[in-house]
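Colleague: Structure of the sequence below:
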Amino acid sequence: IIAVEKISESQYKDYQTVSVIGLKCMLSMPIYVDEVKYGAILLGSTENPREPFSEYELQFFRLFSKYVGFVLTS
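Modeller: You can find the predicted model right below:
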């Protein structure tokens, strides 16, 4: 999982997609089902940077990504 609260202070700050969209913070995680990668989910915000993600938010995102994988493959 990639959790970046302040993209402007991260290694991703110069990525073209980040600058074109204007992302300020993001969560990203690959979608795997039975060890096969189907893509990735990226949730981002163009609003202000945020406080660090809580463990609850990260766990929720992991479960959400897993659920999306099952929906995509069913």
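Colleague: Now do stretch 32-40, average pLDDT.
Modeller: Stretch 32-40 shows a mean pLDDT of 87 in the predicted model.
Colleague: Just give me how far that stretch sits from the chain centre.
Modeller: 15 Å (CA atoms, centre = their mean, to the nearest Å).
Colleague: who's in contact with it?
Modeller: By CB atoms under 8 Å, 6 or more residues apart in numbering, the surrounding residues in contact with stretch 32-40 are Ser28, Met29, Pro30, Ile31, Gly69, Phe70, Leu72, Thr73. The C-beta positions use only the backbone N, C-alpha and C, and glycine is treated the same way.
Colleague: Quickly name whichever of those residues is closest to Phe61.
Modeller: Met29 (6.3 Å; CB to CB).
Colleague: The closest one is in contact with Ile2, isn't it?
Modeller: Yes - Met29 is in contact with Ile2 according to CB atoms under 8 Å; the separation is 7.2 Å.
Colleague: between these two, which one's more packed in?
Modeller: Met29 (19 against 12; other CB atoms under 10 Å).
Colleague: Can you give me the pLDDT of the most centrally placed residue in the chain?
Modeller: In the chain, the residue lying closest to the centroid (CA atoms, centre = their mean) is Ser28, at 1.8 Å. The per-residue pLDDT reported for Ser28 equals 90.
Colleague: That concludes my questions; thank you for your assistance.
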